[in-house]
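In: what follows is a protein structure lacking sequence information:
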């Protein structure tokens, strides 16, 4: 009878494709929006995750997220280095400045000032140039997406010059870096060079990057730094999630995406559920005839369940495939770089689709199960 | 073809053809609803139907024909009285036993055919064997043979939408016969057909009814088919008004 159920499902191509389309559409909508939502949230803390060579971030105790850290005195660096659990500590500047290009255009950029000697916090992968070139006067390295943003359509060309705070900056390298939340170009330079790129302020350093003596005791080291210096100290993951939570709590991003995802679920559930329900109801007479001929209720349930599973599996597969295809097709678009189908989104949407299908199958089954087989004698 | 009605595990396996009427109804009553809304659809009905006989169940709409045939086919349980099919008491069967009884012993022909639109004629006719657990290839092969016997061998691969009403009804008859049921229950089999197609279907059913191990029961409003019956049971208000069996009486009825 499974074969009969299969033929009842796929025999009417229009209805079958309608069912599959409904689930594919719902899957695409939900998986794509969840993936973009998660991807954008990750971008808010992407600069934190990009620093792989120091696991602890130290900052002003009132800092709420990475873009808001105020300057702290250089003496704080010494105080952090004085904590017994600290192996080494280096300063880091992270801020936003305005670049003036040769043609007179302006671009807002994210600027990192790295410790002159160690270059801790530097990008891990170079596309053009070398990290050591940062030792040249006025040298900066830019991320690949930033280069496209500042010089759209132009090939990578080292030696380009532009101005930061009326001071000459010279491009010596292009690197890979995670795109920031604002999709601004990310510039890396030496801390001493950055002093000239940033308008004069009392305290330039806003982060201290720390390597604990025992990497497994990073959280303990953070506590020790907090207790002994009064500064805030977080592990990489803690600071990342602190930043993400800030954006979740204080911006409209989760509400907007939440609404879209919820609408996707509701629309998907409505289309899929209603279509599958109607499909089963339209077959009610046939199910009645089968019951009259001796098909048991449990067999009918299995038939409807099989139809639901087939439709769900095919629809979900197409929907997830389309989502993956979307991200594959847009991966080279600068402002969409770094967004991809999140595995958790795929799993979550899969569970949602199963829930939608099972619920609609269950509701439709009730009509069939309570159907008196004698209904087949009632003409019409 | 399946021989399920002769299966030793069948409730009918112990009955011997000819030893009992095909159908025996004794004081059969069926009520619907309760209290003030109670309706007696079948009221104290008693009659026998013999094997090898085509019985017509006639009467105005709402007289209880459909309820009566549903009880005989094991689709409804009576409120009171007894009903037996080839010696097997149906009023004592419940649940899965009743479902199994139907699957093995009853063939259905519906007014609206109730063919599955996405299955071919052969696949539709094979459904009762598939219900019985037969392999698909064997079931469809058997269905082709039965379709041949009802004159539709050439249209075995056609879908219901590609067949005329008469052809669809013949597919439905093939489906009803494929598992060799003891009772063939037909609900207004000619109602949706033109005169010639209706006549063809009735001639086919008359040939089927000759089998001494089987009985054919037909609910009908169509006076043109009365000539095919060996027994005509007229109903009114849930009761039997008359039972006609002699050729003279049948001729007058027609």
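Out: Perfect, thanks for sending it. Just so it is clear, the model here is predicted, and its values are computed rather than measured.
In: contacts and neighbour counts: CA atoms only from here.
Out: Noted.
In: could you report the neighbour count for the residue in the stretch 151-300 of chain A that chain B sits nearest to?
Out: Residue nearest to chain B within the stretch 151-300 of chain A: residue A:294 (4.3 Å; C-alpha to the nearest C-alpha). Residues near residue A:294, counting by other C-alpha atoms under 10 Å in any protein chain shown, number 25.
In: ok, residue B:143 touching residue B:178?
Out: Yes - between residue B:143 and residue B:178 there is a contact under C-alpha atoms under 8 Å: 6.6 Å.
In: the more surrounded of those two?
Out: Using other C-alpha under 10 Å as the criterion, residue B:143 and residue B:178 rank with residue B:143 on top: 30 against 24.
In: quick check: phi and psi on the residue minimising distance to the centre of chain A?
Out: The centroid of chain A falls nearest to residue A:39 when counting by C-alpha atoms, centre = their mean (1.3 Å). In terms of degrees, to the nearest 10, the main-chain angles of residue A:39 are phi -60, psi -40.
In: what residues are up against it?
Out: Taking C-alpha atoms under 8 Å, 6 or more residues apart in numbering or on different chains as the criterion, residue A:39 is in contact with A:338, A:339, A:340, A:342.
In: would you say the second one is within a strand?
Out: What that stands for is residue A:339. No - applying DSSP: H, G, I helix; E, B strand; the rest coil, one finds residue A:339 to be coil, outside a strand.
In: could you report the pLDDT at it?
Out: As predicted, residue A:339 sits at a pLDDT of 82.
In: based on its surroundings, how many neighbours for it?
Out: With other C-alpha under 10 Å as criterion, residue A:339 counts 21.
In: do you know how far it is from residue B:123?
Out: 50 Å (C-alpha to C-alpha, to the nearest Å).
In: likewise for the last one?
Out: Counting by C-alpha to C-alpha, the gap from residue A:342 to residue B:123 is 45 Å.
In: okay, the two: which has more neighbours?
Out: Higher neighbour count among residue A:342 and residue B:123: residue B:123, with 27 against 18, using other C-alpha under 10 Å.
In: just give the closest residue to the more buried one, not the sequence neighbours.
Out: Excluding the flanking residues, the one nearest residue B:123 by C-alpha to C-alpha, 6 or more residues apart in numbering or on different chains is residue B:140, at 5.7 Å.
In: now residue B:24
Out: residue B:48 (4.5 Å).
In: just residue A:367 next, same as before
Out: Using C-alpha to C-alpha, 6+ apart, the closest residue to residue A:367 is residue A:281 (7.6 Å).
In: next: residue B:22.
Out: Nearest residue to residue B:22 in three dimensions, chain neighbours excluded: residue B:86, at 4.6 Å (C-alpha to C-alpha, 6+ apart).
In: so where's the stretch 151-254 of chain B shaky on pLDDT?
Out: Within the stretch 151-254 of chain B, the segments meeting pLDDT under 70 span B:246-254.
In: one more pass at 80, please.
Out: Flagging of the stretch 151-254 of chain B using pLDDT under 80 yields the residue ranges B:191-194, B:197, B:209-210, B:246-254.
In: what residues does it have near chain A?
Out: Counting by C-alpha under 8 Å from any C-alpha of the partner chain, the residues of the stretch 151-254 of chain B lying close to chain A are residue B:187.
In: taking the stretch 151-254 of chain B, what residue is nearest to chain A?
Out: Closest to chain A within the stretch 151-254 of chain B is residue B:187: 6.4 Å, counting by C-alpha to the nearest C-alpha.
In: give me the neighbour count for that residue.
Out: 27.
In: need phi/psi at it.
Out: Note on residue B:187: backbone dihedrals following degrees, to the nearest 10 are phi -100, psi 110.
In: surely it meets residue B:114?
Out: No - taking C-alpha under 8 Å as the contact criterion, residue B:187 and residue B:114 are not neighbours in contact, 11.5 Å apart.
In: residue boundaries of the helices in chain A?
Out: Secondary structure of chain A (DSSP state H): helices at A:2-10, A:13-44, A:46-50, A:75-81, A:144-150, A:191-197, A:218-229, A:236-250, A:253-282, A:284-292, A:297-330, A:343-369.
In: in TSV: these, plus mean pLDDT.
Out: Below are the helices of chain A laid out as TSV (pLDDT from 0 to 100):
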stretch	mean pLDDT
helix A:2-10	89
helix A:13-44	86
helix A:46-50	89
helix A:75-81	94
helix A:144-150	88
helix A:191-197	93
helix A:218-229	94
helix A:236-250	92
helix A:253-282	81
helix A:284-292	85
helix A:297-330	90
helix A:343-369	86
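In: which residues sit in contact with the residue of the stretch 1-150 of chain A found nearest chain B?
Out: Per C-alpha to the nearest C-alpha, residue A:11 is where the stretch 1-150 of chain A lies closest to chain B, at 4.7 Å. Applying C-alpha under 8 Å, 6+ apart to residue A:11 gives the contacts B:118, B:119.
In: so how far is residue B:119 from it?
Out: Going from residue A:11 to residue B:119 by C-alpha to C-alpha gives 7 Å.
In: one step back: can you say which of the helices of chain A is nearest to residue A:104?
Out: Closest to residue A:104 of the helices of chain A, according to C-alpha to C-alpha: helix A:144-150, at 11.8 Å.
In: show me what that closest one is packed up against.
Out: Contacts defined by 3 or more C-alpha pairs under 8 Å, 6 or more residues apart in numbering or on different chains; DSSP states H and E place helix A:144-150 against strand A:167-176.
In: just how off-centre is the strand it packs on within its chain?
Out: Computed by C-alpha atoms, centre = their mean, to the nearest Å, the chain-centroid distance of strand A:167-176 equals 28 Å.
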